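[1] Need coordinates for the below:
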Amino acid sequence: MHWLGVVLVVAVSVTLQNGVDALSKLQRKAYADKVKEMFHHGFDNYMKRAYPADELMPLSCTGRVRGKTPSRGDIDDALGNFALTLVDTLDTLPLLGELEQFYDGVQMVIRDVSFDTDLVVSTFETNIRVLGGLLGAHAMMLDLQKSQTPPKRHPYLDQYKSELLDMAVDLGDRLLKAFDTPTGLPYSRINLRHGIDNTVRKNVNTCTACAGTLILEFAALSRMSNDAKYESAARHAMQELWSRRSQNSDLVGTTINIMSGQWTRKDATVGAGVDSYYEYLLKAYMMLGEQTYLDVFNTHYSSILLYLKRGPYLVTSHISNPTSTASVYMDALQTFFPGLQVLKGDLESAIETHRMYYEIIQRHGMIPEAFTADFRVNWAQSPLRPEFVESTYYLYQATRDPIYLEIGVELIKNLEKYNKVPCGWAAITDVRTMNKEDKMDSFVLTETFKYLYLLFSEEEDIPVALEDYVFTTEAHPLPLSLASKKLELTPFQSHSYTEQHHHDTTCPNIQVQETNFLRLLDIHIGHHQPICRIYSKSLPRASASSSKAQAGRPQPKPISAREFNHQNQQHMEYLHSVGVSIVVEDGQIKLLQHHNPDGTVDPRGSAFMQEMIALVAEQNAAQDDQAPPAFVTFRLEEGEESHTIEAGSAMFGPPISSNSVVVQGAARMATPFKACTPLMNNDVQSHIAVVKRGGCMFIDKVRNAQAAGALGVIIVDDNQLTSTKNLFRMSGDGSRDIVIPSVFVLMQDVTPLLEAMMQGRSPFAKLHGEGE
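    Residues are numbered from 1 along each chain as shown. Reported below is the predicted structural model:
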């Protein structure tokens, strides 16, 4: 296999401090009080300056009202003029011990909020924030009605007659209309008054998370109201997603057509677009006690570990070609995943990935919306998302390792430093400059400060028993006792799962480890088997074979650098076992060797890296002698002068030289331009496809163009300043399925060609060797 263009990197994973002193109870109390103060700085300003508007604009010190405040486009679909921030934040108040404000807030919502409005809202956001908020607050009221006794018992507890549940039923009926589709997958948006109107009908695509993050709220609504229709609709949508998974990889795509059930984006990820679908499978098992939810989750989870986890990184792949890399970017939403892994019981993996995210915070102060494997910023905004705080909370609950409290202290300091403004907490437009944005999403109060407070608080400070609840994706507490409420439901399609060797939730008798049963999953109602979770007091090594917990598992067969193929799963497992991970960036394969927390590296990984360095040097030395020059000749119009430019050739597909391959035809721009997924336009057939560098390997772009019928491919550099000295032969992946030629060109050399195609013209292009 050729490895020209391979980038070899030694990545030093951040080492969390061993021996960190635990905070005293008094110190933890001080930080819990500090977080409560921070919460009130945002909540009190919202109530004073914005209520009943949906959100506070913390720089303008006023409310954001849909239809009055200038529109921000689709992002405003989360708003419905229904006092969003108060409804979403209600159940945070009792957890912080603010019972008086909670009772006042409940009464204000009952008095002021209506859903009978002619507004199109996001089905997903309205479900998790508003319906979840109503149900969570109702659950808190029922709990407090039982637990609060005189003289602390508030008079309103005897006056409350489940009005929040009545409001939830009203909203649930409005959202239920979104499920009226041939597949049962819901529309992504719904008109609160009219249901499916013309605006709603225009969008027949929805994200996987949008359709698969309903079961907790809808099941809770069904079991609280004794009406199965809500849970039946949500479980059918979840089953539809499961049934349409890739049979090859057991992964789901990112976007699906609700009319046909066909995937419209086949990216496989645990981040944006899919994230909470996986979360709700596991949590549906926790809340409802149905084994099939756990079996389905475990099947997906096995594939996530197999295809998407590369060392500490969680990459984006393709459901039909899961060993490929569809994107070099990771996103802030995926930082919830270590917390989900804690609930699953895979602590070692959770700690490793969480540590990687923590290094991003150390680098940038907060996590940008999207970033690369080497922590460069791709999308610089940071809206104070809660996912990393959530994972930190769960990891501390599972391990009681004081390092997670230290991380919490750092998060508090960063929020005070970068986000605090006189009227609340402002989002960041760019983590590189820390410029502020006039925005405070409701989840800042609902989740970010809730999880921060719970991280530092003591059990006696919380007026309800958290072990009796599961948190939704918006951190709304729903009672586990709902599992005892039986309804007539269409059974979820039967599915069985056999635990695979690469992750265990059983409890081996290993004395060097502690077995911890996380209280949030130690269900004692009788319908659950407690999930055993293993935690090693020493931080996990990057090398899987270094853990004694792996001792009984079959070890991957060693490979040489010359044998290595990144699409061979056995090869990938071997690299992971010796502390080497792989990412693909800008068409290049990067091998990263990870230090262990004690500063050592696996010697087998070091030997492989050294062998790869020697192989790359050998192939680079041979390149000048063996690589025939390649050229592109193009003409913008018939009869016009032709332009010939030098191009880089490929190490895959037929070689372009003076006496072999020549292809020519009309040049057509691929859609999508980066061609990292199957092409959506058919007009490249029998023509030359022009694609842009970046997002995936060169060979993957050519493979997609070839599948669309292209004669050849021109890959355009994505950097206008690249010099001609940077032309190189494009590396492949060892496969021999490419039968069309391809070349690499500089953007400044083909700018006229690109402009002509963008104008709808069909310029001529020829790929050839020096003698043509």
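
[2] Average pLDDT for stretch 742-757, rounded please.
    With pLDDT averaged residue by residue, stretch 742-757 scores 89.

[3] for it, which positions count as buried?
    By 16 or more other Cβ atoms under 10 Å, the buried positions in stretch 742-757 come out as Ser742, Val743, Phe744, Val745, Leu746, Met747, Asp749, Val750, Leu753, Leu754, Ala756, Met757. In short, each C-beta sits where N, CA and C put it, glycine included.

[4] Kindly state the beta-bridge partners for the third one.
    So the one you mean is Phe744. Phe744 has the following beta-bridge partners by DSSP bridges: Gly648, Ile715.

[5] List the residues that contact it.
    Ala647, Gly648, Ser649, Ala650, Arg693, Phe698, Ile715, Asp717, Leu727, Phe728, Met730 (Cβ atoms under 8 Å, 6 or more residues apart in numbering).

[6] How about the fourth one?
    By Cβ under 8 Å, 6+ apart, the contact set of Val745 is Val632, Ile645, Ala647, Gly648, Ile714, Ile715, Val716, Asp717.

[7] Repeat the analysis, applying 6 Å as the threshold.
    Counting by Cβ atoms under 6 Å, 6 or more residues apart in numbering, Val745 makes contact with Val632, Ala647, Ile714, Val716.

[8] can you tell me how far it sits from Thr644?
    11 Å (Cβ to Cβ, to the nearest Å).

[9] Tell me the predicted confidence for the residue lying closest to Val750 once chain neighbours are set aside.
    Closest residue in space to Val750, ignoring its immediate chain neighbours: Val716 at 6.0 Å, by Cβ to Cβ, 6 or more residues apart in numbering. Listed pLDDT for Val716 reads 92.

[10] Contacts only, for Val716.
    Val716 makes contacts with Lys692, Val745, Met747, Val750, as judged by Cβ under 6 Å, 6+ apart.

[11] For Thr208, see how far away the most centrally placed residue in the chain is.
    Residue closest to the average C-alpha location in the chain (Cα atoms, centre = their mean): Gly271, at 1.1 Å. Using Cβ to Cβ, Gly271 is found at 11 Å from Thr208.

[12] Now the terminal residues of stretch 708-728, how far apart.
    26 Å (Cα to Cα, to the nearest Å).

[13] And for stretch 262-276?
    The first and final residues of stretch 262-276 sit 20 Å from each other (Cα to Cα).

[14] start at 49 instead
    From this message on, residue numbering opens at 49, which makes the last subject stretch 310-324.

[15] what's the burial count for the nearest residue to the residue nearest to the centre of the chain once chain neighbours are set aside?
    Spatial nearest neighbour of Gly319, excluding adjacent residues (Cβ to Cβ, 6+ apart): Gln382 at 3.6 Å. Burial of Gln382 is recorded as 24 neighbouring residues (other Cβ atoms under 10 Å).

[16] With Lys484 instead?
    Lys484 has 18 neighbours, counted by other Cβ under 10 Å.

[17] Shouldn't it be within a helix?
    No: going by DSSP: H, G, I helix; E, B strand; the rest coil, the assignment for Lys484 is strand, not a helix.

[18] Return the helix or strand in this protein with minimum mean pLDDT.
    Within the chain, no helix or strand scores below strand 561-564, which has a mean of 31 by mean pLDDT, DSSP states H and E.

[19] Backbone torsions only: list them for His691.
    Torsion angles at His691 (phi, psi; degrees, to the nearest 10) stand at phi -120, psi 130.

[20] ok, now Tyr361?
    phi -90, psi 150.

[21] Excluding sequence neighbours, find me the nearest residue to it.
    Per Cβ to Cβ, 6+ apart, closest to Tyr361 is Ala421, 5.5 Å.

[22] Is that neighbour in contact with Val363, as I believe?
    No: look at Ala421 against Val363 with Cβ atoms under 6 Å: they stay out of range, at 8.0 Å.

[23] that older thread, which ones among the buried residues of stretch 790-805 are found in helices?
    Among those, the residues falling in helices (DSSP state H) are Leu801, Leu802, Ala804, Met805.

[24] picking up where we left off before, relative to Asp214, how far out is the residue nearest to Val798?
    For Val764, the distance to Asp214 equals 59 Å [Cβ to Cβ].

[25] cool, Gly627 as well?
    57 Å.

[26] So which of these two has more stuff around it?
    Neighbour count, other Cβ under 10 Å: between Gly627 and Asp214, Gly627 has more, with 29 against 14.

[27] Please read off the pLDDT at that one from the model.
    What the model reports as pLDDT for Gly627 is 74.
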